[in-house]
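Student: Here is the input, now give the coordinates:
(chains A, B, C and D)
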Amino acid sequence: MADPTPPREPATMVERISPLAGFAGVSDTRLRVREIPFLRQTNLRADPGKVPPSLGLRLPMEPGTWLRSGGADVLWLGPDEWLVIGDVDLPRSEDVAVTDVSAQRTTILVAGPGARDLLAHGCAIDLHPSVFGPGRCAQTTLARAQVVLVAGEDEEFRVLVRASFARYLADWITDAAVDY
Amino acid sequence: MTGRERARPGDGTALWDSPEPAASYDVVIVGGGGHGIATAYYLAKNHGITNVAVLEKGWLAGGNMARNTTIIRSNYLWDQSAGIYEHALKLWEGLEDDLGYEVLFSQRGVLNLAHSLQDVRDSVRRVNANRLNGVDAEWLGPERVKEVCPIVDVRPDARYPVLGATYQPRAGIAKHDHVAWGYARAASAMGVHFIEHCEVTGIEVTDGRVRAVQTTRGRIAAGRVALSAAGHSSVVAGMAGLRLPVQSHTLQALVSELLEPVHPTVVMSNAVHVYVSQAHKGELVMGAGIDAANSYRRRGAFHIIERQMAAALELFPIFARAHVLRTWGGVVDVTPDASPIVGLTPVGDLYVNCGWGTGGFKATPGVGWCYAHTIATGEPHPLNAPFTLERFTTGALVDEHGAAAVAH
Amino acid sequence: MTRRRAGHEGQVLRFTFDGRAYEGRRGDTLASALLAAGVRRVATSVTLGRPRGIFGAWTEEPNAVVQIERPFPEPMVQATTIPLYDGLVASSLSGQGRLSPGPDPARYDATHAHCDVLVVGAGPAGLAAARAAARTGARVVLADDRPEPGGTLPDTAETVEGRPGAEWALAVAAELRALPDVRVLSRTSVIGYYDHNYLVAVERRGEDAVTRERVWRIRARRVVLATGAHERPIVFSGNDLPGVMLASAARAYANRYGVPAGRRAVVFTTGMDDTAYDAARDLAEAGVEIVDIADAREGRLVTAAIGDGDEGLRTVVIGERGEGLGAMTGSREVEADLLLVAGGWNPVVHLFGQAGGELRYDERLGAFVPGDAARAVQAGRNVVVAGAARGATTLAECLADGETAAASTPPTSLATPPSPSGGWGEHVWLVPADDETHHFVDLQRDVTVADLRRATGAGLRSVEHVKRYTTAGTAHDQGKTSGTLTSAIVAQVLGTGIAGLGTTTFRAPYVPVSFATLAGRDRGALHDPVRVTAMHDWHAEHGALFENVGQWKRPWYYPGPGEDMEAAVLRECRAVREATGAMDASTLGKIDVQGPDAAELLDRLYTNLMSSLKVGAIRYGVMCRADGMVFDDGTVIRLAPDRFLVTTTTGNAAAVLDWMEEWLQTEWPGLRVRCTSVTEQWATVALAGPGSRAVLASLAPDLAVDAESFPFMTWRDAEVAGIEARVCRISFSGELAYEINVSWWHGLALWKAVQATGAVTPYGTETMHVLRAEKGYPIIGQDTDGTVTPADLGMGWVVSKSKPDFVGKRSFARADTARPDRRHLVGLLPEDPDALLPEGAQLVACERLPEPPVPMLGHVTSSYRSAALGRTFALALVSGGRDRVGERLHAYTGETLIPVTVTHHVLYDPEGTRRDGRPDTSEGARHDG
Amino acid sequence: MLLIPCPWCGPRDEAEFGYGGQAGVAYPRDPGALTDEEWARYLFFRDNPEGPFEERWNHSAGCRRWFNLTRNTATNEITPISPSGDASPPGNVATGEVGTASASWDAATGGPR
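Tutor: Numbering: from 1, shown residues only, chains lettered A, B, ... in the order given. Okay, here's the model as predicted:
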């Protein structure tokens, strides 16, 4: 197949610039915000019944959840769509669509005891720990940007945002953080 | 102001009678909104047809007539639209004298702002079309916009900067209730019956012709039935087996407290979904965008209002501490091409007037005039002839998405 | 001057009202501080110019609406709800507020909350409800608009569970605050009750808070409305004078703020309940002399309040009622500076009404109460009303009601308000007189009984009409004091029942909210997201001016020193036509389309055939809506037999992806295709011009760039500037051109590398537009307006004749779409080669304009000065335009007519000789070394 | 702000969704065989009842799935649909008859359908 391999980290040392390079973030006891740049991300599309075992990944089938498998974090994005965060090579096939989206979104870490309250300013879903605790993820909107929100342990949230919206969202978070 | 004496609200002048419905009328108008009332008036005045009943399910002119933001203008893009709206504007200009009633018609001008290069192209295109159609229109750069309305923020580094505006000096506002009451009073004096709290529940069609309407106040026979029930057009037309290409949506508006005069004109912005004027008593009257989903509810979603406020403050930072006193919604019916449907139907003696979307108020005199002509003669007036139902089959749409204040 | 009861001597705060300095105490409202300072007149009425004083004690206040001057001007605020702060400057108004032109320095924001139970109102019923709910472990939000909990408990000084009410309330609130899943919001007004139990509240955090006001968007499984009741006035002559006050308000000033509102008071009560007597007792304890109590049950009514100017009330006239309301026998004049009015209670049903709850007129209460609450529950609005808000009249009832309201099933007896202890009085709305021009119904709008009679006299029968005719109920308090009165008096005048007349509609917001509060954080740069590309900073640093395209910022042009736009664009155009230019094309939408049926999907959505495209090749395509009108265009790259990369216009990226998904999911679920947005995965540099091959060759030494190895409309993977890249040979200018795609992370590095060749001129969207227009390529949305078909654009070649169907095909056969006089895209050459037509100019056939209406033939969609053509030119949509080539038309500019000649729309290199570049071109190469 | 029950993601705010209008209007099997009038029915005519309305929504800011639900346009009451994980197939072809394109437009005999 004349299918090109998606661009990876190049052999030569060419400067990579993340969408939020230079973002000061927030560093406080109540709230920590920073970019986690350059995560390898792969979009995976397949019918849940047609996922080949050879994929080597366990896929979360419950909507709005994520799990760790094969050294990667696998996020449920839709009934036939997952986002794989991690350095894994996934084979494309007739039943499985694979798209490299590493640079499509960057990741903002929002963490600390004030994280939920900060996110609630811009996010309409219920972020209560009983509803959106560790292991949950959601595609939703934060402020006026679409995001993938991932709840981790210890009040750590990853906010995946499209690269072109990243500065807007970082500005918004910085502005909202003045109350925390 | 001319010498002719005008009545006005507050002076206690009798407005309209509330008779019991008669057994039959030459013309039954379904819907006692501005269009229905004006149509009755012109049926009586222009065509001598006075055996007319206007049936209103609630209180007279309590639908969109009571809920709109009263903007009057005729600067539409296409010839067909300019024709009927300009006819309306000319009637507005003589309306107080014609009705002998004060309607507070104020020709304070309307600015339609342009925020992108494409807005500018579209605006210039519309201005030039307007002028060639005899509609007053100018293109103003940001500095001129500032002269006409000093409180508009024209800083070039705004998120959506004001790159200019179209300006129609003859445009303006009027007091919606007064308009309805003035028309009703004049029509009532010529013998038209206004029957409130009379909901039409069925339309009798026999052998392809309309015969009567069933109402909550009994059966009323009718020589002709004219539908004019904006927002509920589909429901009412459905009673006669007629399907319309319209969808009903909630459109919201709001009003502030009374404020000292700051806003001398009317400003509309399609791009950010705001239109605002300051009414004669001092309140800011503002319209928002429509709710996306079909709805017959007169309450819209609050996030539309929040968005509207954000957009308003981008244009008018001075409004920051003004207060929203009251919000409300109306139900508008929207067509695929954002133009109305006015004319005959496949049912004999049944006429339809609907689909004015967010723009019905300004057309009130014009559509009343033309619809009355259509009903009286059985043929469309030349000005509403383009607004047929058939255009959706032929494809000869009158696409006014660019001219409506709200993107449908 | 200050009269303050013992026990209320808090911290002194200084404020200014109407230019005079005063002192108040912490805990005061502006109103209580003014009363304590002996200020009687606080406003002038809007129409009649009458002096007005403080009438209420909280949000029901119709009169004391003032202008805040400092710290920042705010118009029309109820003095009764302004917490006093040091340095407050306010002034009286006469019905109109003033806006400040200066920028509002305060911050505002919004947030979201979710709960099992939202309790609105922290009075006895609300606190009881919240406590009961919280004790079950429910997630509870308790919102109350006052600074301290307890509702009217601090006003009435009643005891609860054996302790002073205010103290009890603080204790309950403290208990609630200590629970992790309970949120107690004070100074928070719930202003709107929307569908699906979505309520909006505004928290007033204070002038010193980081965020001054905050909007709470609350989604609640269950709502308990414990919103209390407002006392109702009685209408009589002169009832608007300063010194006439609701009895409950005077009681609140005495008990909550320690401020006796006068020295000698008369009480006027309908005897609906005993609260007027309680108020009299409390005021007497506060040192106010109660000189008379006119109780309607005893046939004694206040017929007039008489006073003057700023001092307000001086004399109260009390009449003895004979037979019938109209006949008054005898009268007594009493000297008084305070007249307490107690006309019964109106349950605060605003939010319930907003929720769609039906109201019922309760004869005994003389008020509208929640009717069929069960119905509201059925409609998916799990809402119960508790306490005074549903007609409960005693503290014990309110507490019990609150407990029940929090239960999992709503109480069944909601529609039956309990009865008061002292029996029911009669309803007195109005003490009539021959002259009712000073009988005020709506104090703020100066609406009198005479006005109501005029409205009904004009034939109006609906309370909505009367409201509109008189403006009653449309002011700041939104009819909180006047609403029921208006209905009752109109009913009385018309001789009909109040129940049938009903009320006007309750609309949000319950209390006024400033625009800025609702705008929240979405102001300025955060008003709408700004989308930027990976190369944005370079553009900005190099002086680019930007064009907004949707939410994107795109470089518009790069003016050099001393250059205006025209000069810069001519230079950029020349660079591309004669050498090499580079543009940031990253904003184009990109969609990865994969799956065995990918080609089939594209065949159905594009007007032309995509399945025949070879792997490695690229094809231009057009999409139409089902109505046959052009919707988007772009290139389609075949990556593999079962994989394509589709590009869209910048503004339509999301719409096209949605469009594909809609068809796939809702019409053709059998097609095995997956669409994924990769717009930001790639950064794209467009390299255009005869020198572009050499530039590319210098950056990608391993790539065979000669025309034979790398033909037009093909793509290659290659390393460019040391970066893995996909290079597409496509052109939007007619010149030899490439689009180099790399990971977003490397976009800036690629751009810099291209610039570092020294052979490349950066160009912006304006130059791109000129170049494509010279070639007659339309811009969707500029040369089209949603009413244009591919054939209209002269692009019949892009419409497949062989495919049985594609979206839009059927519409081409409609009568109107087949008309020969449809508007076609053509070129225009002004006869004066220096005349630049305004975009949007209309085209007419005539040389001189006749009287309007003038027939129009079309309009100019694009117009430029062309470096390559050495003249101006334009594109236009012209009726039957292709049949008019060679014709002379006139472009109307609003002032003049400019003669133009219609031409074919491709004006530059119609033979397409330049797309492979000039073999000898080496301008780029010269800079290689 | 309506609360729209996405069959996959659960209830979400209306602002996360795109609205798709009437459900069950299928693309005609052979558009070329339709009269102009029949084609116009498909293009432009949709039901607009005041009451229960089966309509399409797209969770555009979430899982991007299209689905149908029934909402009362007079009250906004939404009829519960299958819980997530068991969503009925969305879309136009899944529901009832094949659209309205073939419906005759005969007002005198009671209109379409």
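
Student: Not counting sequence-adjacent ones, nearest residue to C:Pro370?
Tutor: What sits nearest to C:Pro370 in space, not counting adjacent residues and going by CB to CB, 6 or more residues apart in numbering or on different chains, is C:Val385, at 4.5 Å. C-beta: built from backbone N, CA, C; applies to glycine.

Student: my bad, should have said C:Phe644
Tutor: C:Val593 (4.5 Å).

Student: from the chain's centre, how far out does the helix or strand harbouring the one you found sit?
Tutor: Following DSSP states H and E, one finds C:Val593 within strand C:589-594. On the basis of CA atoms, centre = their mean, to the nearest Å, strand C:589-594 is displaced by 34 Å from the centre of the chain it belongs to.

Student: between the next helix or strand after that strand and strand C:589-594, how big is the angle?
Tutor: Remark: after strand C:589-594, the chain's next helix or strand is helix C:598-605, criterion DSSP H and E. Counting by axes from the mean of the first three to the mean of the last three CA atoms, to 10 degrees, helix C:598-605 lies at 130 degrees to strand C:589-594.

Student: what's downstream of helix C:598-605, the next helix or strand?
Tutor: Next along the chain after helix C:598-605, taking DSSP H and E as the criterion, comes strand C:618-624.

Student: looking at this, C:Ala488 is in a helix?
Tutor: Yes: C:Ala488: assigned to a helix according to DSSP: H, G, I helix; E, B strand; the rest coil.

Student: Can you verify B:Ala212 is assigned to a helix?
Tutor: No: going by three-state DSSP, the assignment for B:Ala212 is strand, not a helix.

Student: That one - how many residues pack around it?
Tutor: A total of 20 residues lie near B:Ala212 under the criterion other CB atoms under 10 Å in any protein chain shown.

Student: Give the bridge partners for it, please.
Tutor: Using DSSP bridges, the beta-bridge partners of B:Ala212 come out as B:Glu204, B:Ala221.

Student: Return the residues in contact with it.
Tutor: For B:Ala212, the contacting residues are B:Ser24, B:Ile203, B:Glu204, B:Arg219, B:Ile220, B:Ala221, B:Ala222, by CB atoms under 8 Å, 6 or more residues apart in numbering or on different chains.

Student: got it, and C:Phe812?
Tutor: Counting by CB under 8 Å, 6+ apart, C:Phe812 touches C:Gly628, C:Thr789, C:Ala791, C:Val799, C:Ala818.

Student: how close does B:Gly58 sit to C:Thr648?
Tutor: Applying CB to CB, to the nearest Å, the value for B:Gly58 to C:Thr648 is 47 Å.

Student: Between these two, point out the one with more neighbours.
Tutor: A side-by-side neighbour count of B:Gly58 and C:Thr648, using other CB under 10 Å, places C:Thr648 first with 26 against 16.

Student: circling back to that earlier point, count the neighbours of the residue nearest to C:Pro370 for me.
Tutor: For C:Val385, the neighbour count with other CB under 10 Å is 32.

Student: for the one 4 residues further on, same thing?
Tutor: For C:Ala389, the count of nearby residues is 30 (other CB under 10 Å).

Student: That one contacts C:Gly126, correct?
Tutor: No: C:Ala389 lies out of contact with C:Gly126 (CB atoms under 8 Å); the separation is 9.2 Å.

Student: so what sits against both of the two?
Tutor: In contact with both C:Ala389 and C:Gly126: C:Ala226, using CB under 8 Å, 6+ apart.

Student: Okay, and the beta partners of B:Leu350?
Tutor: Beta-bridge pairing for B:Leu350 (DSSP bridges): B:Val225.

Student: Taking the contacts of B:Ala212, tell me the two that lie furthest apart.
Tutor: Largest separation among the contacts of B:Ala212 by CB to CB: B:Ser24 and B:Ile203, giving 14.4 Å.

Student: Just want to know which of those two has more residues nearby.
Tutor: B:Ile203 (24 against 15).

Student: pretty sure that one is touching B:Ala240, no?
Tutor: Yes: B:Ile203 is in contact with B:Ala240 according to CB under 8 Å; the separation is 4.2 Å.

Student: Pull up the overlap in contacts between these two.
Tutor: The contact sets of B:Ile203 and B:Ala240 overlap at B:Val210, B:Val225, B:Leu350 (CB under 8 Å, 6+ apart).

Student: By neighbour count, which of the residues you listed wins?
Tutor: In terms of neighbours by other CB under 10 Å, the shared contacts of B:Ile203 and B:Ala240 top out with B:Val225 at 31 neighbours.

Student: what pLDDT does the residue in the stretch 1-150 of chain B positioned nearest to chain D get?
Tutor: In the stretch 1-150 of chain B, the residue that lies nearest chain D is B:Lys57 (12.0 Å; CB to the nearest CB). B:Lys57 is assigned a pLDDT of 96 by the prediction.

Student: cool, the one 4 residues further on as well?
Tutor: With respect to pLDDT, B:Ala61 scores 97.

Student: Also C:Gly299?
Tutor: Per-residue pLDDT puts C:Gly299 at 88.

Student: Who are the contact partners of it?
Tutor: With CB under 8 Å, 6+ apart, C:Gly299 has these contacts: C:Glu320, C:Arg321.

Student: separation between it and A:Leu169?
Tutor: 71 Å.

Student: Look at residue 14 and say how many residues are nearby.
Tutor: No chain in the question, so chain A it is. For A:Val14, the count of nearby residues is 19 (other CB under 10 Å).

Student: was after chain D, sorry
Tutor: Neighbour count for D:Glu14, taken as other CB under 10 Å: 21.

Student: So it versus B:His280, what's the distance?
Tutor: Using CB to CB, D:Glu14 is found at 36 Å from B:His280.

Student: swap in C:Val685?
Tutor: The spacing between C:Val685 and B:His280, counted by CB to CB, is 58 Å.

Student: Also C:Val854?
Tutor: For C:Val854, the distance to B:His280 equals 36 Å [CB to CB].

Student: ditto for C:Met629
Tutor: For C:Met629, the distance to B:His280 equals 43 Å [CB to CB].

Student: likewise C:Thr227?
Tutor: Where B:His280 is concerned, C:Thr227 sits at a distance of 34 Å (CB to CB).
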